[in-house]
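>>> coords below, sequence missing:
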């Protein structure tokens, strides 16, 4: 099965019926990212796609197929982008944020974190609840 609807970065989802895995083809029908994902989502306009990789669970890949970051799981899928940021999981299970172009804007250092809303997010760091802005700086709630 192939989805040839408008894609981003000349990447279109396909599903290999034999392996039951998904990957990406270009407009010419050539496989550009092998079918290695249990689930895959279309590329966003700024070059990031969410996938369910067999090794890291949910993650974000760039148009070459390189895994950029492990995604925070949300409702049986990767975290949603809110205020153009999504949560990522780093070493030791710490939480940070990635933007929709694949840039890690706030390193994974928090014990837990909520999604951004109106430019702010509530996080926990060493047992202390804080409110941060999109740069990671602490702000008064």
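Cool, got the structure. Remember, predicted model here, so these are calculated numbers, not experimental data.

>>> quick one, phi psi at residue 91?
Main-chain torsions, residue 91, degrees, to the nearest 10: phi -60, psi 140.

>>> can you tell me the closest non-neighbouring residue to it?
The spatially closest residue to residue 91, leaving aside those adjacent along the chain, is residue 108, at 7.0 Å (Cβ to Cβ, 6 or more residues apart in numbering). C-betas here are computed from N, CA, C, even on glycine.

>>> surely the one you found is within a strand?
Yes: counting by DSSP: H, G, I helix; E, B strand; the rest coil, one finds residue 108 located in a strand.

>>> tell me the spacing between it and residue 136.
From residue 108 over to residue 136 the distance is 11 Å, taken as Cβ to Cβ, to the nearest Å.

>>> pick out whichever of the two has more residues nearby.
Per other Cβ atoms under 10 Å, whichever of residue 108 and residue 136 has more neighbours is residue 108, with 21 against 15.

>>> residues contacting the more buried one?
Listed by Cβ atoms under 8 Å, 6 or more residues apart in numbering, the contact set of residue 108 reads 88-91, 94-96.

>>> tell me which residue is most central in the chain.
Per Cα atoms, centre = their mean, the C-alpha nearest to the average position across the chain is that of residue 60, at 3.6 Å.
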